[in-house]
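> with the input below, show me the fold.
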Amino acid sequence: MSFDLLIRGGTVFDGTGRPGEPADIGVRNGHIVEIDPPPDSGAVTIIDAEGLAVAPGFIDIKTHSDFTLPINPKAESKLRQGVTTEIIGHCGFSAAPCLPGKVELLKDYLSPSAPWLPFRETNFADYLDTFPATSLNPGMLVGHNTLRLMVMGMAQRAPTADELGQMSALLEEGLQAGALGLSSGLFTSPGAYAERDELIALGRILKRHNAAYFTHLRDESNGVLPAVEEAIDFGATTGVHVQIVHFKCSGVDNWGKVSEALAMIDAARARGVAIDCDAYPYTAGSNPLKNILPQWVQAGGVEAMLARLALPETRARIRDEIAAHGLNNWGRIENWDCVQISITPNLPQFAGRTIAQLARERDQEPVETLCDYLIQDKGATRVLVTSISEDDVRTLLRSPTALVGSDGNCVATYGIVSQGMPHPRFYGTFPRVLGRYVHDENLIPLESAIHKMTGATAKALKLADRGLLREGFRADIAIFDPADFTDQATYDKPHQYPTGARTTVIVNGTVVIDEATHTGATPGKVLRRAADGRVG
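Numbering: from 1, shown residues only. Below is the predicted model of the structure:
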């Protein structure tokens, strides 16, 4: 029998959590057609995997690559990590739908996250149909913040019945087009203004379409446990699968609460609530700088915020509230060196500097510097915030409940997406787990880590034929050396691909990374949810 691709001599980790076993894999027409074919089988291309791990392509369940894939379709930083599928449109942010006359509003709102992305009027069906060819498989979510922005702007109130009807209609349109579900960012304006009735109403729509709900919790710091309970309540009330994304207990006052939160999630699962969480293996997170300020500062949109930040009374109130409670959604940090400028479109010379450094140079109090900087950068600044316990990171990695998601964009070491100082997770999440925590520290077995990145994630997403190395499944495959596959990206030098000279990545049967070199191929497929909820 002849194949398009034949992977020979590797140790196959099938994604189920079973230990690896020696096996060959035959691929034809984009699918795995035979595992352990006869020794005399031929192929157009034979890949020598002797001494390498052969795994399903990694599934990055939590990303914002919708902000970069249209301008970086080769997705180098993810593919070099072995990622073959990404779920995008998270935290309530999506580039669609964008209604007539609302392009500038959405562009302005998303400027800290997508400063270089071109926006256009589009419904969700057109957005999926016209998404550019990419090197990996994207699956899209409808963003709750975007729905609210299109219908209500930044209004700080509950929707009227008519407004809720408009949001519901936009969600229905997105789900009918094949969106995997709804994402929320309940700590970020305007999503933070949504109360339970609004969210449950949208959840009922998700249930009718067998779609899922992905939530950035309302609070990841001082109120993290009630926020977890809110997510559990949503799942229990609607019957919809809930994914708590980039889960963390942020702020020094909340370190150690991860175990209690995981116990809450496990207890809910035991009661029949469909709920999972994911996390990244770093102690710093990333967010627009404006989002670390209290909610009232952001009310009314960017221009209103910038005008408010210029007022001495605003700065005094911000200073008092941070002293009392810490940063919005981040909690109390150790010092202002924990807030580092990452992406700064209008002040690129300051990327990599911390608020404390800038304050010292300007002989200012840090809150004054922060407010001045936001005004000067027109509200578009993005920062890294070090606020997570390393012990909590390890607890999440050991937990079978927690999947792996990078919360990072597809970027590259060249072109427009190489600008600034992004979080190193953009380049290093998956090899950091496999290199540092599996190979170097033996925190969890290799097969367990791969399962968290593949089969378990595919189950949570209801992927029809991805996430496992199984006959009939799509040939999304990551081949790597477990002894030479680790992250190199750092906070100071983030634009670095992982090690691994023999890393090879296959997407839909096409080699995209050939021994650590991108082939230029763009065989990715936009994933769509079918009526029964299965995604393919």
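
> what's the span of stretch 238-257, first residue to last?
End-to-end distance of stretch 238-257 (C-alpha to C-alpha, to the nearest Å): 27 Å.

> same check on stretch 515-534?
Using C-alpha to C-alpha, the two ends of stretch 515-534 sit 33 Å apart.

> and it, what's buried?
Ala516, His518, Thr519, Ala521, Thr522, Pro523, Gly524, Lys525, Val526, Leu527, Arg529, Gly533 (16 or more other C-beta atoms under 10 Å). No exception for glycine: its C-beta is placed from N, CA and C like everyone else's.

> my guess is the first one meets Thr503, correct?
So that's Ala516. Yes: in terms of C-beta atoms under 8 Å, Ala516 counts as a neighbour of Thr503; the distance is 5.0 Å.

> so what sits against both of those two?
Common contact partners of Ala516 and Thr503 (C-beta atoms under 8 Å, 6 or more residues apart in numbering): Arg80.

> doesn't Ser168 belong to a strand?
No: per DSSP: H, G, I helix; E, B strand; the rest coil, Ser168 lies outside any strand segment and is helix.

> how about it, nearest residue that isn't a chain neighbour?
Spatially, and ignoring its direct neighbours in sequence, Ser168 is nearest to Ile205 (5.8 Å; C-beta to C-beta, 6 or more residues apart in numbering).

> for Val258, which non-adjacent residue is closest in space?
Asp392 (4.2 Å).

> just to be sure, the one you found is in a helix?
Yes: counting by three-state DSSP, Asp392 is found in a helix.

> per-residue pLDDT, it?
Here, the pLDDT recorded for Asp392 equals 98.

> count of neighbours near it?
22 (other C-beta atoms under 10 Å).

> got a markdown table for the buried residues of stretch 515-534, with pLDDT, secondary structure and distance to Gly51 too?
Listed next are the buried residues of stretch 515-534 as a markdown table, based on pLDDT from 0 to 100; DSSP: H, G, I helix; E, B strand; the rest coil; distance: C-beta to C-beta, whole Å:
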| residue | pLDDT | secondary structure | distance to Gly51 |
| --- | --- | --- | --- |
| Ala516 | 98 | coil | 15 |
| His518 | 98 | strand | 23 |
| Thr519 | 98 | coil | 22 |
| Ala521 | 98 | coil | 25 |
| Thr522 | 98 | coil | 30 |
| Pro523 | 98 | coil | 27 |
| Gly524 | 98 | coil | 28 |
| Lys525 | 98 | coil | 31 |
| Val526 | 98 | coil | 35 |
| Leu527 | 98 | strand | 33 |
| Arg529 | 98 | strand | 39 |
| Gly533 | 97 | coil | 40 |
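
> what's the closest of those residues to Ser399?
Gly533 (25.3 Å; C-beta to C-beta).

> quick one: contacts for the residue lying closest to the closest one once chain neighbours are set aside?
Sequence neighbours aside, Asn210 is the residue nearest to Gly533 in space, at 3.1 Å (criterion: C-beta to C-beta, 6+ apart). Shown in contact with Asn210 (C-beta under 8 Å, 6+ apart): Arg529, Ala531, Asp532, Gly533.

> distance check, the residue lying closest to the third one once chain neighbours are set aside against Glu121.
Just to be clear, that refers to Asp532. In space, and not counting its chain neighbours, Asp532 is closest to Asn210: 5.9 Å by C-beta to C-beta, 6+ apart. Using C-beta to C-beta, to the nearest Å, we find Asn210 at a distance of 29 Å from Glu121.

> what does Ile477 give?
If you measure Ile477 against Glu121 using C-beta to C-beta, the figure is 38 Å.

> more neighbours, the two?
Neighbour totals were compared for Ile477 and Glu121, and Ile477 leads with 28 against 14 (other C-beta under 10 Å).

> work out for me the element the closest residue in space to the more buried one that isn't next to it in sequence sits within.
In this structure, Ile477 finds its nearest non-sequential neighbour in Ile506, 4.3 Å apart by C-beta to C-beta, 6+ apart. Here Ile506, judged by DSSP states H and E, is contained in strand 504-507.

> for the residue lying closest to Ile479 once chain neighbours are set aside, what are its contacts?
Leaving aside its sequence neighbours, Ile479 sits nearest to Thr504 (C-beta to C-beta, 6+ apart; 4.3 Å). By C-beta under 8 Å, 6+ apart, Thr504 lies in contact with Ile47, Ala49, Ala478, Ile479, Phe480, Val511, Ile513, Asp514, Glu515.

> strands paired with the strand or helix carrying the third one, and their directions?
Ala478 is located in strand 477-480, with elements delineated by DSSP H and E. Partners of strand 477-480 in the sheet, by DSSP bridges, are strand 53-56 (antiparallel), strand 504-507 (antiparallel).

> isn't the residue nearest to Ser168 right up against Glu172?
Yes: using C-beta under 8 Å, Ile205 is in contact with Glu172, at 6.1 Å.
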